[in-house]
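[1] Need a 3D model of the sequence below.
(chains A and B)
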Amino acid sequence: MRVGEIFTAGILALLSIYLMWKSTELPIGYISGTGPGGGAWPFWLAAIMLGSCCWTAVNWWRGQTPASQSNEPVLDSYGWRTLFFVGGGIIGFVTLISIISMYGAIAVFLFYYLWFLGRHSLWFSVTMSLVAPIALFFFFEGAMRITMPSGMSFTDPVFNFLYDIIY
Amino acid sequence: MEVLSLLGDGMLLSLQPLNLTMILIGVTVGLFIGAMPGLGSVNGVAILLPITFLVPPGSAIIFLAAIYYGAMYGGAVSSITLGIPGASTAVATTFDGRPLARQGRASLALVTAALASFVGGTVANVLFTLFAPLLASVALSFGPPEVFALMLLAFATFVGLGGDDIPKTIFSICFGLVLGAVGFDQISGAPRLVLFEYNGFLQGIGFLVLAIGVYGIGEMLWTIEQTRGDVSATTPKMTVKGMASDTKEAAKKGWKGTAIGSFLGFFVGVLPAAGATPGSLMSYGVAKMVSRNPDEFGKGSVDGVAAPEAANNSASTGSMLPMLTLGIPGSPTTAILLGGMVIWGLVPGPRLFVDEQEFVWGLIGSFYISNVAALLINLAFIPVFIWMLRMPFTILAPVIFVLSITGGYAATRDMFDIWLMVGFGIGAFFLRKFDYPLAPAVLAIVLGPIAEPTLRQSLLLSSGDPAIFFTRPVAGPITVIALILIFLPLFKALRRMRAKAKEPAS
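    Numbering: from 1, shown residues only, chains lettered A, B, ... in the order given. Okay, here's the model as predicted:
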């Protein structure tokens, strides 16, 4: 945790410098007749962010934060597994939206999570994975009139069938 | 007396069968829309606006106001049960609502939220009825320096909310404010902070993208990792007797927060452009400051749920005031309501109270009726919300992820925002590990776009002289209080550091 904290502060300091640099694309000073330039607000805020990172680094050096006093790893093997399987599952879910539609991706993600990670029964996992996207389809597309991504063209027959029901 | 007579007539009007039906449907629909992460009163009102053309204008606005009320009650539901604030007005509710739910006391949190919302709404209705014209003139006296001073006060309360690590809190506030500045410069219209030259950033970063990323994904990953997937603390039970004792406890422990939220929320809600978000946040901060047990805040304080919930309901009524009396909307939802009124041929402004008395008092009467209906409907549905929490975590977690992604997409309709949400979620997971408070960032992204233009307009008014924030009669005291609140924790931290440095020497 000790190394992780200073590493994070360093990354955030770099982000702050990048934001300061990016803000200078617009004027950051006071322009007579028009007031502060468009870059002034983000520039000075990013400067304060940088100052905060330096302050965090000083606190770390003095050992004043809980993380700076801890020699535990940021993530143990369980933590990395969680991040890989759950975080990876979410990334997979979002990737699939553009391919098999929002509802198709929901079905796959729910099945993956319930059956593979949750260790629920196959019957329950399949039922949930089918019922939830259909219910969400009628809620969003039917009741709320919000169109979700329909994926690639091979999903069209399914959507045409469902749209025939609600329109 | 005349006011009471007009109010009585208005209540009778709103109790007519058609209007009462509209209230009941509106409140129920609003409750469920508000409870859905990503959807809030603004979605409900906007989507159902066309339906209102089927009924007379009076009934239509009553229906939309009832949706607004219901959604304000519903916002607390997702904050407490799922830990995801569906709207910025409900962010402060997560601070203590979620810890209470984790302790198996979701019922207490939901009952407290319902009661506080009811009291907040009622206090606001009474203030609205009695002081509408007077408060409208106060609201008019708020120029850019006053609004910026108010925003500064809201940011000052963040410093108190962030815990002991002040530099990390300051980082979080500024990060949220910078994210709010991404897109276009509001004054010159020039593209600004188009990060890594990616055009997706041109449309800015919305509150929901950050909020759902932080709470719906980051917080969930953190919970799964911390609890090793065994979230057994959440086993709430729901009985009639239990609900009665929760009601007693909510009234006993949450009265102070409710009182603060009811009055402060209304006052902030009345101010054009401020709205319920700063109102709920300030109420939370003030409730913490005046509490005898400030350490309980953030760990499951009843006052911590009551204050923001009373405030956001009170503010939502308050924001109707400038809309009706001045024609200035105080929030996005009231802007849509205003549009509806114009379509129906009504002209909001000072003459509305004279020319359309029946309409105005019918609407005000419906606020009272909607408030009672919302309380009863909300209490009736609490067992359903509790049942959701009793689901095994391996079912609840994927459901939350799915609702986060679908709710996020429904709000922005952009896949880029969904990727950003996932990025924020994973980033939030790591920042949480190093004790970076993220709530200030989530709130700052909402308040930043209000604070920046008012700061720039104020400095333009004063030719760059910041004294404008100190010399004006309303802005001055607010700015001074805000600065005291900002620097007080800094002084305390410095004193602690000096005391620690002296310890080895002594």
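
[2] How about residue 166: what's its closest non-neighbour residue?
    Going with chain A. Excluding its sequence neighbours, the residue lying closest to residue A:166 (Cβ to Cβ, 6 or more residues apart in numbering or on different chains) is residue A:142, at 4.2 Å. In this view, the C-beta of every residue, glycine as well, is placed from N, C-alpha and C.

[3] You answered for a different chain; I wanted chain B.
    Distance criterion Cβ to Cβ, 6+ apart; nearest residue to residue B:166, sequence neighbours excluded, is residue B:493 at 5.3 Å.

[4] Buried ones in the host helix or strand of that neighbour, by neighbour count?
    Using DSSP states H and E, residue B:493 falls within helix B:475-505. Within helix B:475-505, the residues scored as buried using 16 or more other Cβ atoms under 10 Å in any protein chain shown are B:475, B:476, B:478, B:479, B:482, B:483, B:485, B:486, B:489, B:493.

[5] ok, now stretch B:132-149?
    So, applying 16+ other Cβ under 10 Å, buried residues of stretch B:132-149: B:132, B:135, B:136, B:139, B:142, B:143, B:144, B:145, B:146, B:147, B:148, B:149.

[6] quick one: is the host helix or strand of residue B:398 near chain A?
    Secondary-structure element containing residue B:398, defined by DSSP H and E: helix B:393-412. Yes - with Cβ under 8 Å from any Cβ of the partner chain as the criterion, chain A is reached by helix B:393-412 at B:394, B:395, B:397, B:398, B:399, B:401, B:402, B:405, B:406, B:409, B:410.

[7] what about residue B:5, how many neighbours?
    10 (other Cβ atoms under 10 Å in any protein chain shown).

[8] returning to that earlier point: for the helix holding residue B:493, packing partners?
    helix B:144-161, helix B:166-180, helix B:468-471 (3 or more Cβ pairs under 8 Å, 6 or more residues apart in numbering or on different chains; DSSP states H and E).

[9] winner for burial among those?
    helix B:166-180 (a mean of 26; mean count of other Cβ atoms under 10 Å in any protein chain shown).

[10] Output it in CSV, but only the C-alpha positions, please.
    Taking Å, rounded to 0.1, in the frame of the first residue of the first chain, the C-alpha atoms of helix B:166-180 are listed here in CSV:
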residue,chain,number,x,y,z
ILE,B,166,-7.7,17.2,3.4
PRO,B,167,-5.4,17.2,0.4
LYS,B,168,-7.2,14.2,-1.1
THR,B,169,-10.6,15.9,-0.5
ILE,B,170,-9.3,19.1,-2.2
PHE,B,171,-8.0,17.0,-5.1
SER,B,172,-11.4,15.3,-5.4
ILE,B,173,-13.3,18.6,-5.4
CYS,B,174,-11.0,20.2,-8.0
PHE,B,175,-11.1,17.0,-10.2
GLY,B,176,-14.9,17.1,-10.3
LEU,B,177,-14.8,20.8,-11.2
VAL,B,178,-12.3,20.2,-14.0
LEU,B,179,-14.4,17.3,-15.3
GLY,B,180,-17.4,19.7,-15.3
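
[11] Now do the contacts for residue A:150.
    Residue A:150 makes contact with A:101, A:102, A:156, A:159 under the criterion Cβ atoms under 8 Å, 6 or more residues apart in numbering or on different chains.

[12] show me where pLDDT drops low in chain A?
    Chain A contains no residues with pLDDT under 70.

[13] now the stretch 1-150 of chain B
    B:1, B:37-39, B:47, B:50, B:86, B:133, B:136.

[14] 50 instead, please
    Of all residues in the stretch 1-150 of chain B, none has pLDDT under 50.

[15] In chain A, where's the longest helix?
    helix A:88-111 (DSSP state H).

[16] where's it relative to the chain centroid, distance-wise?
    15 Å (Cα atoms, centre = their mean, to the nearest Å).

[17] neighbouring contacts of the helix or strand following it?
    Under the assignment DSSP H and E, the closest C-terminal helix or strand after helix A:88-111 is helix A:122-137. Here helix A:122-137 makes contact (Cβ under 8 Å, 6+ apart) with A:103-104, A:106-108, A:110-111, A:114-115, A:118, A:120, A:148, A:162, B:395, B:399, B:402, B:406.

[18] Same check on stretch B:460-478?
    Stretch B:460-478 has contacts (Cβ under 8 Å, 6+ apart) with A:30, A:34-36, B:141-146, B:148-150, B:152-153, B:458-459, B:479-480.

[19] what about that stretch, start to end distance?
    Using Cα to Cα, to the nearest Å, the span of stretch B:460-478 from its first residue to its last is 20 Å.

[20] pLDDT averaged over it, what's the number?
    The average pLDDT within stretch B:460-478 is 90.

[21] for it, the distance to its chain's centre please.
    With Cα atoms, centre = their mean as the basis, the mean position of stretch B:460-478 lies at 28 Å from the chain mean.

[22] What of stretch B:413-426?
    Centre-to-centre, stretch B:413-426 and its host chain are 22 Å apart (Cα atoms, centre = their mean).

[23] SS state for the nearest residue to residue B:301 once chain neighbours are set aside?
    Nearest residue to residue B:301, sequence neighbours excluded (Cβ to Cβ, 6+ apart): residue B:96, at 4.8 Å. Under DSSP: H, G, I helix; E, B strand; the rest coil, residue B:96 falls in the helix class.

[24] ok, residue B:96 - how many residues close by?
    By other Cβ under 10 Å, the residues close to residue B:96 number 30.

[25] contacting residues for it?
    Shown in contact with residue B:96 (Cβ under 8 Å, 6+ apart): B:109, B:297, B:298, B:299, B:300, B:301, B:302, B:303, B:304, B:305.

[26] rewinding a little: relative to chain A, which of the buried residues of helix B:475-505 is nearest.
    Lowest distance from chain A to these (Cβ to the nearest Cβ) belongs to residue B:493, with 9.7 Å.

[27] where's that closest one relative to residue B:159, distance?
    Look at residue B:493 and residue B:159: by Cβ to Cβ, to the nearest Å, they are 10 Å apart.

[28] Could you tell me which residues touch both of these two?
    residue B:166.

[29] For stretch B:301-313, the averaged confidence score.
    On average, the pLDDT along stretch B:301-313 is 92.

[30] close to chain A, is stretch B:444-457?
    Yes - with Cβ under 8 Å from any Cβ as the criterion, chain A is reached by stretch B:444-457 at B:452, B:455, B:456, B:457.
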